[in-house]
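let me see the structure of the following:
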Amino acid sequence: MAFGGGYVGRVAHVDLESGRVEYDGFGEEFARDYIGGRGFGVHELFQSKPVSALSIDSMFGMFAGPITGTGVPLANRLTMVFRSPLGGAIAYANTGGYAGAALKCAGLDGVVLRGNRDIPSYLLITPSSVSLENAETLWGMVASETLHALRAKHGECRVLSIGPAGESLVNYANIVNDAGRASGVRQGAGCVLGAKRIKAIVIVSGYTQSVKVADRARFLELLRRLNTKIKNSPLLNRANGLFALYGTPLAVNPLALNGALPCLNYTRTKVEGAERLSGASMSKSILISRLTCNSCSVQCRRETAGSGQYKFRVEGPDFAQISSLGSNCGLTDLEAVGYLNYLCYELGLDPVETGNMLAAFAEATEKGYVPQDAGLLWADTKRMVELVQLIAKRQGTGALLAQGADALARHFADDLLSVAVKGITVQNADPRAEYAWALLNATENSGGAAHIWVYPELITSFYSLQGIRPVLRGHETDFDEIANAVKVKQDLVATLDSLQVCAFSSMAYDLGDYRDAFNCITGLEISTEELLRAGERIFNLERLCNLRYGIVEDEFPRKFSEQAIASGEHAGRLLPIKELLYSYYRARGWMGARPSPLKLTELGLQSGG
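Numbering: from 1, shown residues only. Below you'll find the model as predicted:
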């Protein structure tokens with residue numbers, strides 16, 4: 001079907017075994033129901049065989065959205081959908097930069113890969129073709145080497161690549177976006193491509209092309225309105241907005257002050273010198289520039305460099321990396337954290353999962369499960385560097401750590417070591433201090449991969465920051481209020497991930513802005529209620545995927561409900577996860593962790609989408 005704008009109307013399906021590429025389209029009803037991006041990917045995964053993550057028949061999809069590449073401020077995302085090799089749950093990994101717009105300008109709404117290659121290959125996408133190219137000379141290269149080699153051959157292009165960790169099938173290997181951006185790509189996406197013998201996805205785009213807009217006059221008025229909102233935002237204003245000035249590390253100080261910072265594998269909520277990890281500290285030390293994504297004036301991305309003991313130049317570390325490689329490992333040397341982040345990117349490791357794995361290993365060492373000379377002491381940067389390199393190669397101790405947090409806990413017969421949900425470790429904040437954050441992570445279909453700045457209005461530690469829009473106004477034991485707020489935000493984020501607009505935009509935009517963007521760009525007319533309902537439909541379909549995979553309960557790490565916070569503002573607090581889940585399922589209209597038949601009928605999912 002030809003759309004008035006926004007959609008290209010074409011998805012490429014690549015058979016990696018034969019090299020055959022086929023194309024299909026979609027209709028107006030499907031676009032309304034699933035929007036794009038994450039929604040399209042989840043539907044494709046549900047229609048696929050429910051095989052293991054690394055099976056030859058497994059599916060890996062990459063999708064843009066209808067407003068990607070149009071010039072709507074912050075509409076620049078790209079979502080990868082697959083089954084995670086860590087916990088076996090559905091995974092949707094969201095990344096920014098320029099790849100999403102490049103895919104649209106190359107004439108595609110998405111790409112789906114199935115099968116495996118016999119030899120290392122890379123997928124080459126141009127405005128005229130999709131093909132598989134030989135990557136034997138690239139196999140073994142780190143991210144920066146891969147980027148330079150492919151740009152030397154293809155000129156200006158976008159490169160999504162795996163590193164040695166993906167080639168070694170580390171369960172939490174990631175995909176690195178243009179050699180320096182992987183903060184949203186968790187859950188083992190690099191491991192999946194490594195199993196398929198795909199070194200990289202290269203997009204050589206028609207950069208002079210523009211995405212068609214159905215109603216130009218309404219669109220220009222929308223742009224004026226959205227740019228004004230960003231300019232007026234105390235958080236997103238490029239010149240003086242807190243988020244723009246300090247990036248995601250802005251989170252360090254408010255979480256530390258509220259006793260909610262992850263420290264020492266979540267055995268503490270404060271660590272001495274935490275302020276040295278903050279955004280303000282970064283601005284005075286390792287920060288060399290602010291980076292941005294397509295169609296974004298905010299510039300929340302950080303570029304840093306080390307000139308002391310650790311030599312590097314890299315994007316980040318973001319707060320997710322700082323809280324995992326830093327405070328959760330007892331490390332407050334920001335330059336050391338920056339170097340570890342750089343090393344993870346080069347090797348193709350998820351730095352968040354890596355940091356949390358090292359924290360669990362340090363706690364195991366502290367408990368005496370590992371001799372100190374073979375284990376890891378808190379804040380031992382030299383040993384952390386050694387272990388990161390071993391993990392990427394799956395050698396020695398790294399072979400154990402490469403399997404993930406749950407495998408480590410099983411190895412030492414101590415499940416209190418793991419803070420994983422559906423195989424993915426919780427990041428950013430201590431769930432015992434932030435109940436909404438706990439409930440969100442417990443019920444997310446992709447496990448503990450949520451990024452805290454996607455949900456700032458749920459984090460009470462942030463309520464002191466100007467520009468945050470609090471939604472929790474009752475007592476901390478008002479579980480119904482918490483459950484309803486989490487449910488609504490999850491549905492909204494599913495919508496935004498499908499439109500493919502950065503969720504940080506919700507610090508300034510409202511639901512009507514997203515509706516107007518969809519309507520004037522695509523030429524379709526949808527209400528705010530229908531738009532949010534699409535997000536709810538997508539979230540419920542993800543849950544159906546997990547049920548097919550045998551994931552039938554929302555289990556949360558026992559550490560948070562059985563080990564109280566040791567000291568500080570929330571000393572003695574445990575997480576009432578059972579009570580929170582009861583309220584949540586009621587808010588969702590589910591029967592326990594399963595969508596009820598009535599809810600599925602209401603969403604048009606009675607036959608599975």
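
Gly180 contacts Cys344, doesn't it?
No: using Cβ atoms under 8 Å, Gly180 is not in contact with Cys344, being 11.1 Å away. No exception for glycine: its C-beta is placed from N, CA and C like everyone else's.

between these two, which is the more surrounded one?
Cys344 (31 against 21; other Cβ atoms under 10 Å).

how close does the more buried one sit to Gly423?
Distance of Cys344 to Gly423, given as Cβ to Cβ, to the nearest Å: 18 Å.

and if you look at Pro576?
24 Å.

mind jotting down where the strands sit in the stretch 101-250 of the chain?
110-114, 121-125, 130-134, 158-161, 176-177, 198-203 (DSSP state E, counting those that start in this stretch).

pick the most buried one from these.
strand 176-177 (a mean of 29; mean count of other Cβ atoms under 10 Å).

sheet partners, orientation included, of it?
strand 158-161 (antiparallel) (DSSP bridges).

return the strand it pairs with as CSV; C-alpha atoms alone will do.
Extracted as CSV, the C-alpha positions of strand 158-161 are listed here (Å, rounded to 0.1, in the frame of the first residue of the first chain):
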residue,chain,number,x,y,z
ARG,A,158,26.3,3.9,9.1
VAL,A,159,27.8,0.8,10.6
LEU,A,160,26.2,-1.5,13.2
SER,A,161,28.9,-4.0,14.1
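
now do it, average pLDDT.
For strand 158-161, the mean per-residue pLDDT is 96.

so who does the nearest residue to Ile452 once chain neighbours are set aside touch?
Counting by Cβ to Cβ, 6 or more residues apart in numbering, Asn428 is the residue found nearest to Ile452 once chain neighbours are left out, at 3.8 Å. Counting by Cβ atoms under 8 Å, 6 or more residues apart in numbering, Asn428 makes contact with Ala251, Leu255, Pro262, Phe319, Ala320, Ser323, Trp437, Ala450, His451, Ile452.

just list the residues touching the first one, thanks.
It refers to Ala251. Taking Cβ under 8 Å, 6+ apart, one finds Phe319, Ser323, Asn428, Ile452, Trp453, Ser461, Phe462 in contact with Ala251.

same question for the fourth one.
If you count contacts by Cβ under 8 Å, 6+ apart, Phe319 has them with Gly247, Thr248, Pro249, Leu250, Ala251, Val252, Asn428, Ile452, Trp453.

neighbours of the last one, how many?
This points to Trp453. Residues near Trp453, counting by other Cβ under 10 Å: 23.

same question, the second one
Summarising burial for Thr248: neighbours were counted as other Cβ under 10 Å, giving 25.

just checking, it touches Trp453?
Yes: contact criterion Cβ under 8 Å: Thr248 and Trp453 qualify, at 5.4 Å.

which stretches of the stretch 51-200 of the chain form helices?
In the stretch 51-200 of the chain, the helices defined using DSSP state H, counting those that start in this stretch lie at 99-105, 143-154, 164-167, 189-195.

now do the longest one: distance to the chain's middle.
It stands for helix 143-154. Taking Cα atoms, centre = their mean, to the nearest Å, one finds the center of helix 143-154 at 24 Å from the center of the full chain.
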